[in-house]
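Asker: Predicted model, plus sequence, below.
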Amino acid sequence: MKLEASLLLLLCLTPVCLGDPLTYTFTSVPLGMAEGINNSGAMVGWEYGGAVVAALWANGTLTTLTPPGAFESQAYGISNSGQVVGEYMFNVPEFQPHGFLYSGGSAGTYTTIDVPDALWTIASGINTRGQIVGTFATANGASHGFLYQNGTFTTIDVPGSVFTNVSAINDLGEIVGQFGYQTNIGYGFLYSNGSYTIFEQVPGLTAINNLGHFAGDGQVNINGAFIPVGQPPGFVDPVIGGINDSDQLGVSALTAFRTWDGFLATPVPEPASFLLCAFGLAFAFTILKRAKLRRDSDIQ
């Protein structure tokens with residue numbers, strides 16, 4: 001009887017578990033560009049109006065984020081504690097980006113994040129520990145990555161590169177971004193425990209979660225290989241701005257009129273479902289193997 005039950009379980013699980021774990025469904029969100037996403041599903045990016053304005057989409061509510069005096073603003077990263085980072089610009093006299101940190105609450109506090117003596121600074125990622133990463137430019141225009149923690153800036157540059165742009169950081173302190181040995185060609189990199197891992201198959205990495213899954217160039221790397229996430233129906237050129245620990249993505253894609261729309265991309269089935277499938281299949285195979293051993297023993 002156990003043998004028949006195991007065979008039935010195996011037959012039921014196989015077509016489900018053999019499906020593509022990296023198939024995504026897309027849900028439209030009210031962001032012109034969707035960037036970071038946290039484990040609560042809160043997303044940041046920006047929307048278009050008279051000017052580009054940073055925005056937070058959470059619990060069905062859209063909140064614009066405008067640092068005092070800013071002409072334009074864009075949000076890139078959101079931590080699991082709800083802190084947001086991005087960039088803003090004044091209309092005059094410089095029109096150069098400054099990084100910002102937004103800490104929510106009833107008042108909502110903005111803190112400028114500027115690398116000392118930099119031409120400009122962009123804050124692009126933040127983790128639950130409050131570590132902030134981003135990119136800054138020196139007077140000669142060269143871009144460098146940075147890590148900001150405990151009031152101190154540390155430069156992040158891939159060895160031998162002519163430019164480095166940092167995109168995101170997870171709670172383990174792992175950092176991803178883009179670099180190039182030439183000014184017009186980029187590659188992805190992962191910085192972890194003082195070492196750089198290079199990914200030449202993508203022009204840059206834009207997001208990483210606490211499981212070590214990362215994304216770039218419309219692809220995700222969950223099981224050691226880059227897999228395209230597809231695109232929302234009627235849209236092209238998907239760009240991934242963020243990934244949370246459920247492997248949900250903040251995605252932007254182009255319309256036929258070459259304008260951007262933001263989306264929440266959710267894996268179907270979710271990774272947890274495939275873990276259950278794996279346990280189920282392993283259990284079924286174990287029962288089948290034991291049944292075969294008992295049968296062979298009875299025959300002897």
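Answerer: Structure's in. What do you need? Computed from a prediction, not measured in an experiment: that's the story for all the values here.

Asker: domain parsing for the chain?
Answerer: For the chain, the structural domains run 1-21+270-300, 26-268, going by automatic domain parsing.

Asker: Between these, which has the poorest mean confidence score?
Answerer: Mean pLDDT is lowest for domain 1-21+270-300 out of the domains of the chain, coming in at a mean of 47.

Asker: Which residue would you name as the spatial centre of this protein?
Answerer: residue 242 (2.5 Å; CA atoms, centre = their mean).

Asker: That one: helix or strand, and which one exactly?
Answerer: strand 236-243 (DSSP states H and E).

Asker: which residues touch the residue nearest to the centre of the chain?
Answerer: 34-37, 43-44, 77-78, 168, 206-207, 249-250 (CB atoms under 8 Å, 6 or more residues apart in numbering). C-betas here are computed from N, CA, C, even on glycine.

Asker: let's see 7 Å
Answerer: With contact taken as CB atoms under 7 Å, 6 or more residues apart in numbering, residue 242 is in contact with 35-37, 207, 249-250.

Asker: Residue 203 too?
Answerer: 178, 186-187, 217.

Asker: between the residues you listed, which has the most around it?
Answerer: In terms of neighbours by other CB atoms under 10 Å, the contacts of residue 203 top out with residue 178 at 26 neighbours.

Asker: Does that residue touch residue 191 like I think?
Answerer: No: the pair residue 178 / residue 191 is not scored as a contact, 11.9 Å apart, by CB atoms under 7 Å.

Asker: just the contacts of residue 242 now: which is nearest residue 140?
Answerer: Proximity of the contacts of residue 242 to residue 140 (CB to CB) peaks at residue 35, which lies at 28.3 Å.

Asker: in which helix or strand would I find that closest one?
Answerer: strand 33-37.

Asker: send the alpha carbons of that strand over as CSV?
Answerer: In CSV, the C-alpha atoms belonging to strand 33-37 read as follows (Å, rounded to 0.1, in the frame of the first residue of the first chain):
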residue,chain,number,x,y,z
MET,A,33,10.4,53.6,-12.7
ALA,A,34,10.3,50.9,-10.1
GLU,A,35,13.6,50.4,-8.2
GLY,A,36,14.1,49.0,-4.7
ILE,A,37,11.8,46.6,-2.9
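
Asker: Please, which helix or strand holds residue 267?
Answerer: Short version, using DSSP H and E: residue 267 is in strand 260-268.

Asker: distance between that strand and the chain's centre?
Answerer: Relative to its parent chain, strand 260-268 has a centroid offset of 12 Å by CA atoms, centre = their mean, to the nearest Å.

Asker: From the contact counts, what lies against that strand?
Answerer: Here strand 260-268 touches strand 23-29, strand 33-37, strand 249-254, going by 3 or more CB pairs under 7 Å, 6 or more residues apart in numbering; DSSP states H and E.

Asker: mind listing what's buried in the longest one?
Answerer: Along strand 23-29, the positions that meet the burial threshold by neighbour count (16 or more other CB atoms under 10 Å) are 24, 26, 29.

Asker: Can you list the strands that it pairs with?
Answerer: strand 260-268 (antiparallel) (DSSP bridges).

Asker: before we move on, back to that, sort out for me which of the contacts of residue 203 are in strands.
Answerer: 178, 186-187 (DSSP state E).

Asker: Distance to residue 52 for the residues you listed - can I get that in JSON lines?
Answerer: Shown next, in JSON lines, are those (distance: CB to CB, whole Å):
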{"residue": "178", "distance to residue 52": "22"}
{"residue": "186", "distance to residue 52": "23"}
{"residue": "187", "distance to residue 52": "28"}
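
Asker: buried sites along stretch 217-237?
Answerer: So stretch 217-237, judged by 16+ other CB under 10 Å, has buried residues 217-222, 226, 229-232, 235.
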